[in-house]
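>>> no sequence on this one, just coordinates:
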């Protein structure tokens, strides 16, 4: 609409340039569309034409930098200084002079009249309200200056006329589109100047007559009317987005009113006010658009993060540019984004709205991470820093156990990296290994787990999470929390605070019963009931028998040999029986392996050969005169057992070690061998059977001492299913009970005895 309270220049030659200059900067017509937000949350676009009028209204308080006034000053250099003089003081009409300067042909015609004075009038590119006198020769004297004013005034009076029209008639306030259309026309040759109460028209007389008889008559003979039409909600929203185009095309006061929704059952309205012809055309245009608006209109629900992002100016600018590139405009009402286009179909912007408008980064948080993202360090320091680094193009929120970061696509990688870096910087992982026996670890992972977790839960405020796993206690959190929890764990998981008792099973039948899957389930129930951990471990079978070890069908045969392996098969010895069974090649392999000689305390291994049924033979070289025969036998026997386990063998046969070629005492040999077997059995998981074969040529004292030692250690005559462990006993297996106190152990043992009694009764039935 034409403002009636400020001066404004409209000319056919300079209208676009004048009206599209804002804040001292030129802007093309295509780039003048802007987005505004009202307090109600609506966004709308208005045209460059309206934008410039608003700028001109503002210029009353602040002198405009754009050419929105007639030429007011004449500048010239005189006596080496820049001088200026008011146009009116020089006896010139500023509006007529502005009309002359607005057209290069008219300006050139004026300069032809000034040629004899060697002067020229030139436009000042950076000063739209001034004109410069250019002196081509000599200097500018006052006489020459006065002569220039006279020639210019005469030229303007002879060539152009000026007519003033009163603006009291309200029809002029609605005539901007008609006037603009006329002024933009190729045939127009007049300039129009508006002041508070009048409109001045400047031009050749015939051009002014044309203006008066044409557009001016049309305006004066038209009437100003007000009309309206009802709209439903979607029509109202669609027009709210695109109504600026109606205003641009027709000089009407076009307003959308939603205040009447409650009064008229939700029906909104559009109000038109202007010249009758413009109102009729505008309503026809609106009806045409509404008939097909659904093909150009789409809505999208915004979540809370997206809604907050729309409040950021940089985000708005980005989305505005993206939608404008698709010839679209948009409007936000509460939590819904509406997008419309007058020229493009829905498909042109549907994909962008659904897939590229915002990027959502979602992460499920553990309790620790959630606590950290709600901490002051994130809220007050890291999050504001992230917002600044991304130019406020991201919103990060915690909903329940989910972290949701919503951002523009261009900053996605930066946001993901910042979130990950913050967690890595804040959260450390430390594994506190179990520095206790396996059964105590099992007690912590089962019976004491809830107690430990409840105790460590008190450290939640120090931002640390705890999980008990097989490889240790996993502490994940801040350094302070980790150190605090670690100290607490070390004082809690302490062997000195745990009680352990081991019982022996008197027979293999007991071990077999306790190792049954169904019975294991019942053992777990007993452990849970008595707050204990019950472990059952079966030992390997220990068999003492008479015979020829060379006939044994086992994985490994152990053989005693001399240091000189060329002459180790002496008569009436175990070694002779083995080498005879293995054949000549078998003995040659040993010689080649040892280069004919072995060191005391070493073992040489050869594969079984000839008629031997074993997979390997371990040849052990004993010290002939050891400090202790018992210790020498124990050491060699344990070396053989451990090597067999490493090599993956499960069955072994031992002779009465050292009692043949080395003539060791039978009692010393038996004690050393059985001690090694018992010690090995405590940790053995692989070897299942150990045979002790007494050679048919063995001495009588050897037979008697081995049999006596075997009876004493095996405890086969026990009358109890579970007996207290006596050091040195060879049993079918062990039952270990671990608890926090002795009372729990006693309760568990009673339950075990009752279980074994019940199992025995079931077997008898």
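Now that the structure is in, tell me what you want to look at. These numbers come from a predicted model, not from an experiment.
>>> Need the residues that contact stretch 74-86.
72-73, 87, 90, 92, 124, 127, 130-133, 135, 139-140, 145 (CB atoms under 8 Å, 6 or more residues apart in numbering). For every residue, glycine as well, the C-beta is placed using N, CA and C.
>>> if you average pLDDT over that stretch, what comes out?
Across stretch 74-86, the average pLDDT comes to 84.
>>> buried stuff in that stretch?
Across stretch 74-86, burial judged by 16 or more other CB atoms under 10 Å covers 74, 76.
>>> Show me how far it is from its chain's centre.
The chain centroid and the centroid of stretch 74-86 are separated by 67 Å, computed with CA atoms, centre = their mean, to the nearest Å.
>>> Low-confidence bits of the stretch 551-700 of the chain, can you list those?
568-572, 682, 685 (pLDDT under 70).
>>> Please repeat the previous calculation with a cut-off of 90.
Residue ranges of the stretch 551-700 of the chain with pLDDT under 90: 560-602, 607-611, 623-626, 645, 648, 658-663, 674-675, 677-689, 695-700.
>>> where along it do the helices fall?
574-582, 584-594, 629-647, 666-681, 700-714 (DSSP state H, counting those that start in this stretch).
>>> and the last one with helix 666-681, angle?
In this structure, helix 700-714 runs at an angle of 30 degrees to helix 666-681, with axes from the mean of the first three to the mean of the last three CA atoms, to 10 degrees as the basis.
>>> which helices and strands sit right next to helix 700-714?
Packed against helix 700-714 by the contact rule (3 or more CB pairs under 8 Å, 6 or more residues apart in numbering; DSSP states H and E) you find strand 541-546, helix 666-681, strand 689-694.
>>> quick one, that helix and strand 689-694 angle?
Interaxial angle, helix 700-714 versus strand 689-694 (the same axes, to 10 degrees): 150 degrees.
>>> For stretch 131-147, buried residues please.
Buried residues in stretch 131-147, defined by neighbour count with 16+ other CB under 10 Å: 131-133, 135, 140, 145.
>>> ok, now stretch 472-483?
472-473, 475-478, 481-482.
>>> now the end-to-end length of it.
15 Å (CA to CA, to the nearest Å).
>>> For it, give the mean pLDDT please.
72.
>>> Likewise for stretch 712-731?
54.
>>> and of the helices and strands packed on helix 700-714, who's closest to residue 587?
strand 689-694 (20.4 Å; CB to CB).
>>> same for the closest one, what does it pack against?
With contacts defined as 3+ CB pairs under 8 Å, 6+ apart, the packing partners of strand 689-694 are strand 541-546, strand 651-654, helix 700-714.
>>> Pick the most buried one from those.
Highest mean neighbour count among these (mean count of other CB atoms under 10 Å): strand 651-654, with a mean of 25.
>>> in its sheet, what does it sit against?
When sheet partners are counted by DSSP bridges, strand 651-654 sits next to strand 556-561 (parallel), strand 689-694 (parallel).
>>> Out of these, the one nearest residue 521 is which?
Nearest to residue 521 among the strands paired with strand 651-654 is strand 689-694 (28.1 Å), distances taken as CB to CB.
>>> what's the angle between that closest one and strand 541-546?
20 degrees.
>>> Just want the angle from strand 689-694 to helix 574-582.
Angle, strand 689-694 to helix 574-582, by the same axes, to 10 degrees: 110 degrees.
>>> May I see the buried residues of strand 689-694?
Neighbour counts using 16+ other CB under 10 Å place 690-694 of strand 689-694 among the buried residues.
>>> residue contacts, residue 205?
residue 161.
>>> would you list the helices and strands packed on helix 700-714 in JSON lines and tack on distance to residue 372?
Output for these, formatted as JSON lines (distance: least, CB to CB, whole Å):
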{"stretch": "strand 541-546", "distance to residue 372": "57"}
{"stretch": "helix 666-681", "distance to residue 372": "51"}
{"stretch": "strand 689-694", "distance to residue 372": "57"}
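>>> Out of those, flag the one nearest residue 556.
That would be strand 689-694 among those, by CB to CB, at 9.9 Å.
>>> Could you list the residues in contact with that closest one?
Residues from elsewhere that reach strand 689-694 (CB under 8 Å, 6+ apart): 540-549, 552, 554, 641, 650-656, 673, 677, 702-703, 706, 710.
>>> what's the first-to-last distance across stretch 391-411?
First-to-last residue span, stretch 391-411, CA to CA: 9 Å.
>>> Could you pull out the strands in the stretch 251-400 of the chain for me?
252-257, 268-275, 297-301, 329-333, 336-340, 359-364, 394-399 (DSSP state E, counting those that start in this stretch).
>>> Can you lay out those strands as a markdown table showing mean neighbour count, mean pLDDT and distance to residue 222?
Shown next, in a markdown table, are these (neighbours: other CB atoms under 10 Å; pLDDT from 0 to 100; distance: least, CB to CB, whole Å):
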| stretch | mean neighbour count | mean pLDDT | distance to residue 222 |
| --- | --- | --- | --- |
| strand 252-257 | 18 | 79 | 12 |
| strand 268-275 | 21 | 84 | 4 |
| strand 297-301 | 16 | 86 | 34 |
| strand 329-333 | 21 | 83 | 31 |
| strand 336-340 | 20 | 87 | 31 |
| strand 359-364 | 14 | 91 | 54 |
| strand 394-399 | 19 | 92 | 52 |
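>>> which one of those strands lies closest to residue 752?
It's strand 359-364; of these, that one is closest to residue 752 (CB to CB) at 45.0 Å.
>>> Now do the longest helix anywhere in the chain: distance to the chain's middle.
Longest helix in the chain, counting residues (DSSP state H): helix 742-764. Relative to its parent chain, helix 742-764 has a centroid offset of 56 Å by CA atoms, centre = their mean.
>>> Low-confidence regions, the stretch 251-400 of the chain specifically.
For the stretch 251-400 of the chain, the ranges with pLDDT under 90 are 251-301, 303-304, 306-314, 316-317, 319-357, 363, 365-382, 389, 391-392, 399-400.
>>> No further questions, thank you.
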